[in-house]
Each structure stands twice: as structure tokens, then as C-alpha cells.
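>>> the sequence and its predicted three-dimensional model are supplied below.
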Amino acid sequence: MMKRLGVLMAALACALALPASAQTLAEQQREDIAFLRTEYLPRERAFTPEGRANAERLLDALDARAGAMTPDQLLLGFQEVVAAADNSHSLAGFGPISAQRPTTRLPIVLAWFEDSGLVVMRALPPYQDLAGAQVLEIAGRPSADVHNHFTRYFGGPAIRRNIMAPGMITSEGMLAAAGFSNAGEPVSMRFRLRDGSEALRDIAYIPRAGIGGVWWPMRWWSPEPIADSQTPWATAIANDATLPLYLRNADAYNSARPLPELDAVYLELKSNEADREARDFARRADAVLREAQFTNIIVDLRFSKGGDMGTTAAFLDRLPTQLPQGGRIFVIVGRYTFSAGMASANILLNAAGARATLVGEDVGDRMRFWSEGDSVCAPNSNYCARYTTGLFDLAQGCDGQPRCHRDNGRFNLVGPLTPTLRAPMTWADYLAGRDPSMEAIQAALGR
């Protein structure tokens, strides 16, 4: 009797195990969703009333799916809720200890250009011939439709969302979570190669380890080798003597050099973050400015992604005083000029006044945005949401408005950032090794 009772108890335990396990997943996901509702939403200052209401609706929809979502689908849900703030600095993603961090990716690097759509910047073996190709279809869908789908997981203007979306397409699990492919299986993609022919390939995911990491998407633009990559990437353009200046020395966060052919000094600033050599920028620039013979100064901020504007503000404010009589300052900006990079441009433009010319294409964010803040991470998935608490308005200023960040007025950041010397970068220009911004400056100087 006891043996029979033991068998019955074991059978009952097994019968209860499956629903208990499913319920545990549902409870975990509901706890994480509730965490986002109670710990992120109240802290995020970028929400409009309409945006907050939309975020609440998205959370309700996620809660209704709790227990039926894969971890990647829950991540996409987190991202879409945060994107409802429609603010470029508000982001969701993997926490530092998340067990769900992707370990594989597609062996290609994608980017979006207005004149060509989704393109391949780099490719690993055996797909080297894809470097420089246009992506026509992904899993049988037009590539533009897939790309546009992933822009919904980011806030801010279209130019910013177009930068961020391609990285999701190549990351493990994202295409499957969005319903475009099956998890873990190769992705069918159709390309138009450099010679005009079309190719259909099944692209398999590969381990991330050993292929090299980059600190921001613009690093993929330069064909220079990725330092920690154990396998050479095939690149869309050649790493040779014809490489445009802005793509050289790609791993340096800032640089300075004389340009005798333009009677100028060229200064490049990619980061205002102190731990990325921002405090060395003034020292390097001053050393070149002391020794070079020049009339003009070119400050390249097109890859300046932000950080602490205080690290370079004083130098940029005094830089115009080093201009010789009749000299001009050209400030290059573009789609990756963001946050403190935008602020750096305004500090310099306001200090230089009529001697400054803004060159390039539209910057990577709206003129009014929210920044600063911190992150909160959900207890089970460890997915994190970055909330923002500081208001910046580079168009009109925000003095007296709630949460206006003191640096907005302290550093004189107010002024337009629409280039007067427009020089947009196209995919055709990139493949041809051209730099429209430097060509525009050369023409303006009559050289």
C-alpha cells in the first residue's frame, strides 16, 4: 500500500510540475513588467501625457502575454515601452549580469543610407563578397520593411532610429522575436552585389567571441582592422592611401593634425567622455596649433557621440581666439553627432560667431531632448531601462522650465545646428571614398 501510495504521489508531483513551471515563468515575466511600470515610468521625465498613456497600454499588452513570451520577445516589449517616451537617450537593453545576453550574431554589419536603404559595411568569411552590397530582402520580406519594423524600438527622430535599428537585425534572437524568422536557423537574405548581380544566401549565426567588438556603430565605417577580431573582416571600401581623413586612425577618440593643403589645422573629437581621452583633446590640439602654420581650423564632430561636455567646453570656447586675422572655423556635423557632441558644436559656433561655418548633414537628435538620469534593471530578466531627468533645449533654451539642466545655460548651448554648407553623405559617396564635407570646405576656401 505504501509503495502504491509513493507511486501515486510521484505521479501527482510530475503532473503538477509542468503547469507550475509555466506559471513560474508567467510570474517572473509579470514581476518584470510590473517593475517597469512602477520603477521606470515614474522616473522617466521625457514622457508626454500621450506617450505615457501609450506606454501603459503597451505594458498591459505585455502583461496579457506573460508566460507565453520568449526572453527575446520580452526584451522587445521592454524596448517598445521605453521608445514610447520618443526620446533618443531613453533606452532599454541587457543588464550587466543578464543571463539572456546574446552569444551569437550574423557575420555581417549593416547600416542604413537614405539613397540605398540597408547595406553591408563589413562581412566575415564565407560571406566576404557581400561587403558593399545592398540588402534587398530579409526572410522573404523587403529589407526596408524589416528595418522600419525595428525602428519602433527606439525613440527620437528618424535619423537616430535609422542608426540604431540595423544592429538589432544582426543580433541573435531579434529577427525571430519579431516574427521574421525561426530562432537559431540561418536567415535567408537577398543582396545586390557591387557588380549589379543579385545573390540569395542563407546567413548562419556565429559566436560573437573572437570577431571583435566596437564601441559605437560608426567604428564599423572605417575599414581599418578591428583590434580584437581574430578573423579579418571584408570591408566595403579599401584600407589604403585613398582613405578619407575622417576614417583614418579610427580607434583614436580624438586627434589633431596640420592640413597644409587647406592652410588649416584639422581637429577631430569623437567622444566627450573622460575615460575615452576627452581631457587629452585640448593638449593634443594645442600642441599642433602652436607648431603649425595655418589660417583656418576644421573641427570634425561628425562622429562625436557625446559624454561629459565639461571635459572640452573650456577649450572649444577659447579655440576661436587662436584664429589668425581673416581665419575661418569650419565645424563638421552629421547623423552621429549626438548629445554632448551637439552641445560641443554650439559652444564652438557661439564662441566663433561669424567666423564659423557649420558643414555636413543633420545632427542625430532633436534640438530639445532629455538626458542624464540612470537605469533600473528588472529582477528576473535583468533587462534594464534608462530613464532621463535633465531637459536640454538647444534651440530656445529652457531657463525657468522644470528640470532644465543647468549646463544648458552655463555653457551657452543655444543656437541652430542646421548646416549652412550642406554636404550629406550618401552610400555612393562612401563607396567612392569621397568626403563631401571636406570637399565642400575645400570649395569654400577656393582650393
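Arrived safely. All of these numbers come straight from a predicted model, not from anything done at the bench. Numbering: from 1, shown residues only.

>>> what residues does stretch 174-187 touch?
For stretch 174-187, contacts defined as CB atoms under 8 Å, 6 or more residues apart in numbering pick out 70, 72-73, 75-76, 106, 138-139, 141, 146, 149-150, 168-169, 173, 188, 202-205. From N, CA and C alone the C-beta is placed, and that goes for glycine too.

>>> name only those of the residues you listed that count as buried.
Neighbour counting over these (16 or more other CB atoms under 10 Å) leaves 72-73, 75-76, 106, 138-139, 146, 149-150, 168-169, 173, 203, 205 as the buried ones.

>>> with respect to G212, which of those residues is nearest?
L106 (14.3 Å; CB to CB).

>>> what's the nearest residue to the closest one if we skip its chain neighbours?
Spatial nearest neighbour of L106, excluding adjacent residues (CB to CB, 6 or more residues apart in numbering): T170 at 4.2 Å.

>>> repeat for Y153
The nearest residue in space to Y153 (CB to CB, 6+ apart) is Q79, at 3.9 Å.

>>> next one: Q29
Closest residue in space to Q29, ignoring its immediate chain neighbours: A66 at 4.1 Å, by CB to CB, 6+ apart.

>>> how many other residues sit next to the one you found?
19 (other CB atoms under 10 Å).

>>> what's the distance between the residue lying closest to R219 once chain neighbours are set aside and A378?
Excluding the flanking residues, the one nearest R219 by CB to CB, 6+ apart is A250, at 6.0 Å. As for A250, its distance to A378 is 35 Å (criterion: CB to CB, to the nearest Å).

>>> ok, these two, which is more surrounded?
For the pair A250 and A378, the greater number of neighbours falls to A378 (24 against 21), based on other CB under 10 Å.

>>> got the contact list for the more buried one?
Listed by CB under 8 Å, 6+ apart, the contact set of A378 reads E31, D32, F35, L36, F78, G95, C384.

>>> phi, psi of it?
Taking degrees, to the nearest 10, you get phi -70, psi 150 for the backbone angles of A378.

>>> low pLDDT regions in the chain?
Filtered on pLDDT under 70, the chain yields the residue ranges 1-23, 98-99, 274-276.

>>> narrow the buried ones among the contacts of stretch 174-187 to those in strands?
Among those, the ones falling in strands (DSSP state E) are I138, I203.

>>> what is the nearest of the buried ones among the contacts of stretch 174-187 to R279?
Using CB to CB, the buried ones among the contacts of stretch 174-187 come closest to R279 at M168, 33.4 Å.

>>> E439 is in contact with R422, isn't it?
No: E439 lies out of contact with R422 (CB atoms under 8 Å); the separation is 12.0 Å.

>>> separation between the residue positioned nearest the centre of the chain and L91?
When the chain is reduced to its mean C-alpha position, the closest residue under CA atoms, centre = their mean turns out to be M164, at 4.8 Å. Look at M164 and L91: by CB to CB, they are 9 Å apart.

>>> which parts of the stretch 301-447 of the chain are strands?
Per DSSP state E, counting those that start in this stretch, the stretch 301-447 of the chain carries strands over the ranges 329-333, 356-360, 368-371, 374-377, 383-387, 390-393, 421-422.

>>> pull out the buried positions in stretch 61-80.
Using 16+ other CB under 10 Å as the test for burial, stretch 61-80 gives 62, 66, 69, 71-80.

>>> which residues touch stretch 281-300?
Under CB under 8 Å, 6+ apart, the answer for stretch 281-300 is 246, 254-260, 262-269, 311-312, 314-316, 319, 322-324, 326-332, 348, 437-438, 441, 445.

>>> again, 7 Å this time
Residues outside stretch 281-300 that contact it (CB atoms under 7 Å, 6 or more residues apart in numbering): 246, 254-258, 262-269, 312, 315, 319, 322-324, 326-332, 348, 441, 445.

>>> list buried residues within the residues you listed.
By 16+ other CB under 10 Å, those give 246, 254-258, 262-269, 312, 315, 319, 323, 327-332, 348, 441, 445 as buried.

>>> name the nearest residue to V265, ignoring sequence neighbours.
F294 (4.8 Å).

>>> surely W221 touches L247?
Yes: counting by CB atoms under 7 Å, L247 is a contact partner of W221 at 6.1 Å.

>>> so for the two, which residue has more residues nearby?
W221 (24 against 18).

>>> and that one, its phi and psi?
Dihedral angles for W221 - degrees, to the nearest 10 - are phi -60, psi -40.

>>> from I211, how far off is it?
17 Å.

>>> ditto for E44
34 Å.

>>> of the two, who's got more company?
E44 (24 against 18).

>>> which SS class is the more buried one?
Three-state assignment for E44 (DSSP: H, G, I helix; E, B strand; the rest coil): coil.

>>> wait, doesn't it sit right on L91?
No: the pair E44 and L91 does not pass the contact test of CB under 7 Å, sitting 11.1 Å apart.

>>> picking that back up, please report phi then psi for the residue nearest to V265.
When read as degrees, to the nearest 10, the backbone of F294 gives phi -150, psi 160.

>>> what of S116?
Main-chain torsions, S116, degrees, to the nearest 10: phi -140, psi -10.

>>> nearest spatial neighbour of it, skipping sequence neighbours?
W427 (4.0 Å).

>>> swap in P102?
Using CB to CB, 6+ apart, the closest residue to P102 is E172 (3.7 Å).

>>> so that neighbour versus T337, what's the distance?
30 Å.

>>> what's the answer for D251, then?
To T337, D251 is 19 Å away according to CB to CB.

>>> ok, back up a step: and E172 and T337? Which one has more around it.
Using other CB under 10 Å as the criterion, E172 and T337 rank with T337 on top: 28 against 21.

>>> ok, the more buried one - contacts?
Counting by CB under 7 Å, 6+ apart, T337 touches L301, R302, S304, A345, V363, G364.

>>> now do the contacts for the fifth one.
Under the criterion of CB under 7 Å, 6+ apart, the neighbours of V363 are V333, T337, M342, L417.

>>> which non-adjacent residue is nearest it?
T337 (4.4 Å).

>>> quick one: the one you found from W221, how far?
T337 is 14 Å from W221, by CB to CB.

>>> again, but for I298
Taking CB to CB, one finds I298 at 19 Å from W221.

>>> also N272?
N272 sits 20 Å away from W221, going by CB to CB.

>>> hmm, L247 is touching W220, no?
No: between L247 and W220 there is no contact under CB under 7 Å: 10.7 Å.

>>> so what's the closest residue to M309 other than its chain neighbours up against?
The shortest distance from M309 to any non-neighbouring residue, by CB to CB, 6+ apart, is to A340 (4.0 Å). A340 sits next to N272, G306, G307, D308, M309 when contact means CB under 7 Å, 6+ apart.

>>> could the residues you listed be laid out in TSV, adding distance to A354?
Listed next are the contacts of A340 as TSV, based on distance: CB to CB, whole Å:
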residue	distance to A354
N272	26
G306	27
G307	29
D308	29
M309	23
